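Q: Requesting a structural model of the entry that follows:
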Amino acid sequence: MDNPPIFARAVCAFDYGFPMDMLINGFKEQGKLAYAEMFASMLCGSMKESSGEMFDVDFLIPVPAGVSSLLRRGFNPAGEIARALASLTGIRLSRNWLFRDRHALPQKTMTLAQRRQSVEGLYRCDRRLPPVWVGLVDDVMTTGSTLNACAQALIDAGVQGVVALVVARTPQVWQNDGYVSRHTGSA
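A: Below you'll find the model as predicted:
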């Protein structure tokens, strides 16, 4: 496999497609924050199915949102899901271990190579972290580039390992360099 993920594995609640994509859009773009509880419950179920019991992660870490997204939405979707997941599971939540270092363009229309490049050095940890396992929480995983960049920053800071915990993942057909030309009409 070219560029294997930095995180140990990914657990997803469902594929990003109709009708669930509409719920995610309502959550992220219309501020339907109550959906975070539903998404966390679904993700918790997937975590249990994946391991036979609850995952042995010590902390939940949300993927940090960009400043422009925070200003536009008024909240971090990953942070809301992580908060709800921590409440359901009893796993400790840490919002101050991982930070976003700079502005980056939205990845919606980027190719895989562009996504990887756009997140290089985007996330940082400001201190040495304990050698624990963390669940890195995000709303949607398309290529895994964001999760990889976050996982790299966490591992470089000392965590033992990272499990990606995402509500939805895009179908494999979208995870390739042909995405831009096939789905947006541009090259």
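
Q: Please count neighbours and contacts with C-alpha atoms only from this point.
A: OK.

Q: mind listing what G74 touches?
A: By CA atoms under 8 Å, 6 or more residues apart in numbering, G74 lies in contact with nothing.

Q: Give the buried residues for the longest helix anywhere in the chain.
A: In the chain, taking DSSP state H as the definition, the longest helix is helix 35-51. By neighbour count with 16 or more other CA atoms under 10 Å, helix 35-51 contains the buried residues 35-37, 39-44, 46-47.

Q: Kindly reformat these as JSON lines and extend each row with pLDDT and distance to G161.
A: Listed next are those as JSON lines, based on pLDDT from 0 to 100; distance: CA to CA, whole Å:
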{"residue": "Y35", "pLDDT": "97", "distance to G161": "28"}
{"residue": "A36", "pLDDT": "97", "distance to G161": "25"}
{"residue": "E37", "pLDDT": "97", "distance to G161": "26"}
{"residue": "F39", "pLDDT": "97", "distance to G161": "24"}
{"residue": "A40", "pLDDT": "97", "distance to G161": "21"}
{"residue": "S41", "pLDDT": "96", "distance to G161": "23"}
{"residue": "M42", "pLDDT": "96", "distance to G161": "23"}
{"residue": "L43", "pLDDT": "95", "distance to G161": "19"}
{"residue": "C44", "pLDDT": "93", "distance to G161": "19"}
{"residue": "S46", "pLDDT": "92", "distance to G161": "19"}
{"residue": "M47", "pLDDT": "90", "distance to G161": "16"}
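
Q: For the nearest residue to S46 once chain neighbours are set aside, which three-state class applies?
A: With sequence-adjacent residues excluded and distances taken as CA to CA, 6 or more residues apart in numbering, S46 is closest to A13, at 5.5 Å. State at A13, reduced to three classes by DSSP: H, G, I helix; E, B strand; the rest coil: strand.

Q: Perfect, that will be all.
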